[in-house]
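*Asks:* sequence and predicted structure below; questions after.
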Amino acid sequence: MTNANGRFGVHGGQYIPETLMNAVIELEEAYNHYKNDPEFNKELEELFNEYANRPSRLYYADKMTKDLGGAKIYLKREDLNHTGAHKINNVLGQALLAKKMGKTRLIAETGAGQHGVATATAAALFGMECVVFMGEEDTKRQALNVYRMRLLGAEVIPVKSGTATLKDAVSEAMREWTSRIADTHYCLGSVMGPHPFPTIVRDFQAVISKEIKEQIMEKEGRLPDVVMACCGGGSNAIGTFYNFIEDKDVRLIGVEAAGRGIDTFETAATINTGRLGIFHGMKSYFCQDEYGQIAPVYSISAGLDYPGIGPEHAWLHDTGRGEYVAITDDEAVNAFEYLSKTEGIIPAIESAHAIAYAMKLAPTLDKDKIIVVTVSGRGDKDCAAIARYRGEDISE
Amino acid sequence: MSNIANAFKNGKAFIPFITCGDPDLETTMKIVHEMQDNGADLIELGIPFSDPTAEGPVIQEASLRALNAGTTTDKIFDMVIKLRSEGITVPMVFMTYANVVYSYGSERFISKCKEIGIDGLILPDIPYEEKEEFWDICVKYDIDLVSLIAPTSEDRIAMIAKEAKGFIYVVSSLGVTGTRSTITTDIGALTSKIREVTDVPCAIGFGISGPEQAAKMSAHADGVIVGSAIVKIVAQYGKDAPSHVGEFVKSVKGAIS
């Protein structure tokens, strides 16, 4: 999909300070070497299976399907992975790569904390030093994950600049990488940033759609009609889409966070409200004002609270191959509660955005249609925040 | 030859930086006058960006103050027009981030630069590999797009230097902008590699805190750039900053002359 300079159509590229150029070139060369190395791939597969609990299940949500009365709904259970989300797929890949490159220190940004926890986990496993940058606002929303990271041996640095959320954590991690390159790998958590990150992260997350394809063929003997996932930067979404991009009959739906609504300023729905720009190393769509100042985005979900989207998604949108819809806080919270009560599965509030759209879409489709929804993470981390949203104050 | 070349005719050039609109544009205008009057050879005008990933806390905070004060790209263009009409003749360049230019419309932005008397453009998030889409427009309007070379550039130095225009911004240290007590990079080695392929002047920036360090750095280059140390003065004195900045500029220019 990518050309030599890491472009997806007009999107992507390497818009970073000169100081980092040799670091990303070194990373690209290492990745191009190891991605075809049987030994590397064997090690990674073993980590996926023995450590991260892959393959994740493809679960037929019978009660939900019957309740909604339309298309059959399957849930891709990334929430059952070790550390509770899809983030571990990418992190194990990047940490193994960093180790092969001789790096001894991992730095990462995190929004909801899932990527930070996954990075801290891999660092513990590989005996590497780990520093995680997290918006101060998010450290409050996701206090449990901050504790988990520290428990795993990582240092968590609250980022106070800007809106003190995910975008500021990314900026701070980039600044840190600029100051310490030789021993440090920046373990970026989504399909964003400068080339080669969008490609590397996608390749490590593509295991999601590879498994969905095998599992649905086994269960249904055919491909699904729709695959969908929530989409902030877009790593679980591209993982869900990737092996279906060439299967033109399979609809690819990315669900963005509308926050309080895409007609308000309190939204994080990039494709629905943003325009073309250059930020965080890439050309893509961004929420921004008329002078190109990045907008302070909002969503109840700390993991979708990002003003941009990965360049491959921007390209899937441009070409019409991908559909990008938006779900509000209210709809996501309803879906969070609905899936808990209907299937006994508490989804991450991020993933609940995808569930919410499935709840809208399924009844409009015939019963012989198949929808696969990726449950990117589990919702334990969100219980206190959702209780607060419903006016109930519980301590964690 | 571009106007920027004139900046390097009076011995070692001193290039001060200021974030436009911090605390307001009137103060910025007074500061620019002080800079010219006290011997600045070229002035770097920072257009604030919401998320300046190459800046340390000092310029991050200044950018935020400027934006909160209502500073916009258009207001800065108007300020430059006024400055030129008030007798500011020293070469001036904009330093900002790619999205500020791209979002305005790159050609619209760069043609406006030419129209109002801006001589060059520094975009720290545009490396060699991505410069073409801005470079071609800059060439068309005779604006120098300044190339940056970092301590990590190594095998990339010749490639970058060969095509450089105006001056080369030599980044003194790893990391982001901000004053440093010591600079450990072998700047001399860096600039002599650049000298092998081009005569375009080299100016060193990032981390230079005052006259002493500026003097030391200027031994290896054609000029020095000071940003955060000046922005700190503005943060401290606010609207009363212009005369203090003037004194600072005078002391640095004196030290490198």
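*Replies:* Good, I have the coordinates.

*Asks:* scan chain B for its longest helix.
*Replies:* helix B:241-256 (DSSP state H).

*Asks:* which strands and helices sit next to it?
*Replies:* With contacts defined as 3 or more Cβ pairs under 8 Å, 6 or more residues apart in numbering or on different chains; DSSP states H and E, the secondary structure elements packing on helix B:241-256 are strand B:13-19, helix B:25-37, helix B:211-218, strand B:223-226, helix B:228-237. C-beta: built from backbone N, CA, C; applies to glycine.

*Asks:* residue contacts, residue A:75?
*Replies:* Applying Cβ atoms under 8 Å, 6 or more residues apart in numbering or on different chains, one finds that residue A:75 lies in contact with A:58-59, A:61, A:343, A:345, A:372-375.

*Asks:* hmm, I was thinking of residue B:169
*Replies:* Residues in contact with residue B:169, defined by Cβ under 8 Å, 6+ apart, are B:122, B:146-149, B:203, B:205, B:225.

*Asks:* can you tell me the closest non-neighbouring residue to it?
*Replies:* Nearest in space to residue B:169, with sequence neighbours left out and distances taken as Cβ to Cβ, 6 or more residues apart in numbering or on different chains, is residue B:148 at 4.5 Å.

*Asks:* what helix or strand is that neighbour located in?
*Replies:* If you go by DSSP states H and E, residue B:148 is part of strand B:147-149.

*Asks:* returning to what we had before: neighbours around the residue nearest to residue B:169, how many?
*Replies:* The burial metric for residue B:148, expressed as a neighbour count using other Cβ atoms under 10 Å in any protein chain shown, is 24.

*Asks:* quick one: residues contacting it.
*Replies:* When contacts are counted by Cβ under 8 Å, 6+ apart, residue B:148 is found next to A:17-18, B:122, B:124, B:127, B:160, B:168-171.

*Asks:* can you tell me which of these are buried?
*Replies:* Among these, those buried by neighbour count (16 or more other Cβ atoms under 10 Å in any protein chain shown) are A:17-18, B:122, B:124, B:127, B:160, B:168-171.

*Asks:* in a markdown table: those, plus distance to residue B:55 and secondary structure.
*Replies:* Output for the buried ones among the contacts of residue B:148, formatted as a markdown table (distance: Cβ to Cβ, whole Å; DSSP: H, G, I helix; E, B strand; the rest coil):
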| residue | distance to residue B:55 | secondary structure |
| --- | --- | --- |
| A:17 | 10 | coil |
| A:18 | 15 | helix |
| B:122 | 12 | strand |
| B:124 | 8 | coil |
| B:127 | 17 | coil |
| B:160 | 21 | helix |
| B:168 | 20 | strand |
| B:169 | 14 | strand |
| B:170 | 17 | strand |
| B:171 | 13 | strand |
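
*Asks:* how much space between the residue nearest to residue A:104 when sequence neighbours are not counted and residue A:99?
*Replies:* Setting aside the residues directly before and after it, residue A:104 is nearest to residue A:183 in space (Cβ to Cβ, 6+ apart), at 5.0 Å. Distance, residue A:183 to residue A:99, by Cβ to Cβ, to the nearest Å: 12 Å.

*Asks:* more neighbours: which of those two?
*Replies:* Between residue A:183 and residue A:99, counting by other Cβ under 10 Å, residue A:99 is the more crowded of the two (17 against 12).

*Asks:* what comes up buried for the longest helix of chain B?
*Replies:* B:241-242, B:244-246, B:248-250, B:252-253, B:255-256.

*Asks:* extract the C-alpha set from that helix and format it as PDB.
*Replies:* Output for helix B:241-256, consisting of C-alpha atoms alone and laid out as PDB, is shown next (Å, rounded to 0.1, in the frame of the first residue of the first chain):
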ATOM      1  CA  ALA B 241      10.800  43.700  28.000                       C
ATOM      2  CA  PRO B 242      11.900  45.800  24.900                       C
ATOM      3  CA  SER B 243      14.700  47.800  26.600                       C
ATOM      4  CA  HIS B 244      16.000  44.600  28.400                       C
ATOM      5  CA  VAL B 245      16.000  42.700  25.200                       C
ATOM      6  CA  GLY B 246      17.900  45.600  23.600                       C
ATOM      7  CA  GLU B 247      20.600  45.400  26.200                       C
ATOM      8  CA  PHE B 248      20.900  41.700  25.800                       C
ATOM      9  CA  VAL B 249      21.200  41.900  22.000                       C
ATOM     10  CA  LYS B 250      23.900  44.600  22.400                       C
ATOM     11  CA  SER B 251      25.900  42.400  24.800                       C
ATOM     12  CA  VAL B 252      25.800  39.400  22.600                       C
ATOM     13  CA  LYS B 253      26.600  41.300  19.400                       C
ATOM     14  CA  GLY B 254      29.500  42.900  21.300                       C
ATOM     15  CA  ALA B 255      30.800  39.600  22.500                       C
ATOM     16  CA  ILE B 256      30.900  38.000  19.000                       C
END
